[in-house]
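A.B. asks: Sequence first, then the predicted structure:
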Amino acid sequence: MMLQYIFLILLSSGILVAQTAVAKPVPSSQMKTLGLIGGTSWHSTVDYYREINQAVNDLYGDNTNPPLILYNLNQERIHALQRENRWDEIANILSDAALKVHAAGAQAVLFCANTPYKVYPEVSRKTGIPILHIGDATGMAVQKAGLKKVGLIGTIYTMEDPFMRDWLRDKYHIEVITPSSAAVRSELQRVIQKELGMGIFKPETKKYVLEQIEDLRRQGAQGIILGCTEFPLIISQSDVNFPVFDTTRLHSQMAVDFIMGRYQPRPSDK
């Protein structure tokens, strides 16, 4: 049992997901170019940039960096559109960003956050550009861990809209539960936007988030998905006594696998 638990911890932390990293990397001239659409928030986008570069550096054993093209969104504008429920406009903004990085040479793109995947179908259809889906990065890790039911915390949109829950259920047969209290979901949203997304990290906030994770465990969750790229800024596997799935790290590893030619993203819906 202890060995099984250690296996799950290693997997959810991204260590086993990255096990293909021991394979000989392609010549650096053959690395694929990836577009990163970030800024929501820039703090978590920095983690994407760091994780991807470090992993590629480790593969080559030197300072070889991957070809990345970053487009930084205006987070304040995105938040305003979310509050106004103008997701069609958010889809347009993301589509425009994807087309720009594609024109600059990106062969695929990813959104450096979970919530933008709410409009993944629209962006995929509008652009025809392959998009590395964070739900695939997460679903494959949970599936490899052998878990069937996991908790999910994220923005209020990720928790209340079914886009991530349905993706994991339909494509990976994973049941997802979220905090049942509207007050808790609202508070987690406030924490993300008013604290973590602004680089504010309070001990009492971390305690509150850990309490909600524990509540989901009591409800039957076998693991927890940190379904907002801000939560890994304050929560790690060492804080929780069951498997944690850090979507930032898992998504970053998928990015590295794409750059190395080891992962082929889903075709666009165009």
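C.D. replies: Alright, I've got the coordinates.

A.B. asks: Quick one: low-confidence residue ranges for the stretch 51-200 of the chain.
C.D. replies: Along the stretch 51-200 of the chain, the model assigns pLDDT under 70 to no residue.

A.B. asks: now the helices for it?
C.D. replies: 75-83, 87-103, 120-127, 134-144, 156-160, 163-172, 182-190 (DSSP state H, counting those that start in this stretch).

A.B. asks: closest to Pro267 out of those helices?
C.D. replies: Nearest of these to Pro267, taken as Cβ to Cβ: helix 120-127 at 8.8 Å. Bear in mind the C-beta positions are built from the backbone N, C-alpha and C, glycine included.

A.B. asks: Can you list the buried residues in the closest one?
C.D. replies: By 16 or more other Cβ atoms under 10 Å, the buried positions in helix 120-127 come out as Tyr120, Glu122, Val123, Ser124, Lys126, Thr127.

A.B. asks: And those residues, which is closest to Ser186?
C.D. replies: Nearest member of the buried residues of helix 120-127 to Ser186, counting by Cβ to Cβ, is Tyr120, at 24.5 Å.

A.B. asks: Tell me who's in contact with that closest one.
C.D. replies: By Cβ atoms under 8 Å, 6 or more residues apart in numbering, the residues touching Tyr120 are Phe111, Ile131, His133, Phe163.

A.B. asks: Switch the residues you listed over to a markdown table; also include neighbour count and distance to Ser29.
C.D. replies: Shown next, in a markdown table, are these (neighbours: other Cβ atoms under 10 Å; distance: Cβ to Cβ, whole Å):
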| residue | neighbour count | distance to Ser29 |
| --- | --- | --- |
| Phe111 | 30 | 27 |
| Ile131 | 25 | 25 |
| His133 | 21 | 28 |
| Phe163 | 16 | 37 |
